[in-house]
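Participant: any chance you could fold what I've pasted below:
(one chain, ligands or ions: 1)
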Amino acid sequence: MLALDTSSEKEALNLAKELKSHVGAFKIGLQLFLSAGNRFVEKLVSEDLKIFLDLKLHDIPNTTSKAAIEITKLGVWMFNLHAIGGFEMMQRTVEAVAEFSQSTNLQKPKIIAVTVLTSMNQKNLEDVGISESITSEVIKLSKLALRAGLDGVVASAQEAAQIKNATKKEFMVVTPGIRPSFETSDDQRRVMSPKDAIRNGADFIVVGRPILRAQNKIEAIEKILEEIEETQ
Ligand code: C5P
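Facilitator: As a prediction, the model looks like this:
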């Protein structure tokens with residue numbers, strides 16, 4: 001999945017058009033969503049693009065479920081919320097989306113939970129009062145998300161194998177923090193190469209800057225795909 005991390009609607013649209021046959025889906029995060037808005041999301045959906053709306057909802061259950069219904073109306077393929085928002089928040093959101101999709105005959109989006117941000121390390125976690133190791137926190141939140149009926153989680157590829165073991169095969173693991181061999185890590189702390197991410201059980205990798213700042217974006221994507229194919 002390519003992270004369309006830009007505030008320019010025009011740039012995002014050009015990227016989507018140029019790269020749609022090279023990537024599986026496009027991730028729209030807060031930056032682009034706040035600048036281009038939901039009509040832009042609908043526009044990309046109407047061009048048959050698979051959109052992962054990465055707004056990381058985290059609020060009281062009533063608010064997240066109502067927001068999730070609005071997201072469902074946009075026709076996106078996937079969206080996410082923070083598992084740290086708790087079991088009830090996740091479960092009520094899943095139920096609201098399922099009910100709404102059924103009654104309107106709209107496609108039910110996949111709902112995945114953010115476990116621990118890939119920019120966090122052990123010290124950052126301690127700073128916010130979590131003394132658990134990153135791995136056990138990620139596993140705990142993944143199991144909670146599975147129990148609440150979610151389709152998967154966003155996590156570092158470093159934890160993908162353990163998440164699969166602790167949940168089930170079909171529980172999707174989506175991994176940002178991917179750095180191909182030709183790149184630097186930026187603000188990402190728990191990074192992994194595309195090859196190791198897939199080998200470790202990731203179902204989808206999310207890549208932003210390594211593609212966005214490449215001179216030749218298609219070549220960067222092809223290099224990433226080649227790295228992945230080495231695992232097959
Ligand atoms: O540029 P880079 O490849 O680091 O982009 C990663 C993308 O994935 C960014 O859009 C970031 O917001 C997102 N993301 C993340 N860690 C998470 C969830 C989403 O890096 N846990």
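
Participant: list, one by one, the residues from this protein near the ligand.
Facilitator: With Cβ under 6 Å from any ligand atom as the criterion, the chain meets the ligand at residues 3, 5, 29, 54, 114, 117-118, 154, 176-177, 186, 188, 206-210. The way it works is simple: take the backbone N, C-alpha and C, and place the C-beta from them, glycine included.

Participant: mind redoing it with 8 Å?
Facilitator: Within reach of the ligand by Cβ under 8 Å from any ligand atom, the chain has these residues: 3, 5, 27, 29-30, 54, 56, 80, 114-119, 154-156, 176-179, 186-188, 206-212.

Participant: OK, contacts around the closest residue to the ligand within the chain?
Facilitator: Across the chain, the shortest distance to the ligand (Cβ to the nearest ligand atom) belongs to residue 208, at 2.6 Å. Listed by Cβ atoms under 8 Å, 6 or more residues apart in numbering, the contact set of residue 208 reads 2-3, 5, 27, 176.

Participant: then residue 91?
Facilitator: Neighbour list for residue 91: 61, 148-149 [criterion: Cβ under 8 Å, 6+ apart].

Participant: now with 6 Å?
Facilitator: Counting by Cβ atoms under 6 Å, 6 or more residues apart in numbering, residue 91 touches residue 148.

Participant: what do you get for residue 22?
Facilitator: Residue 22 makes contacts with 218, 221, as judged by Cβ under 6 Å, 6+ apart.

Participant: you'd agree it is in a helix?
Facilitator: No. Residue 22 is assigned coil when assessed by DSSP: H, G, I helix; E, B strand; the rest coil, not a helix.
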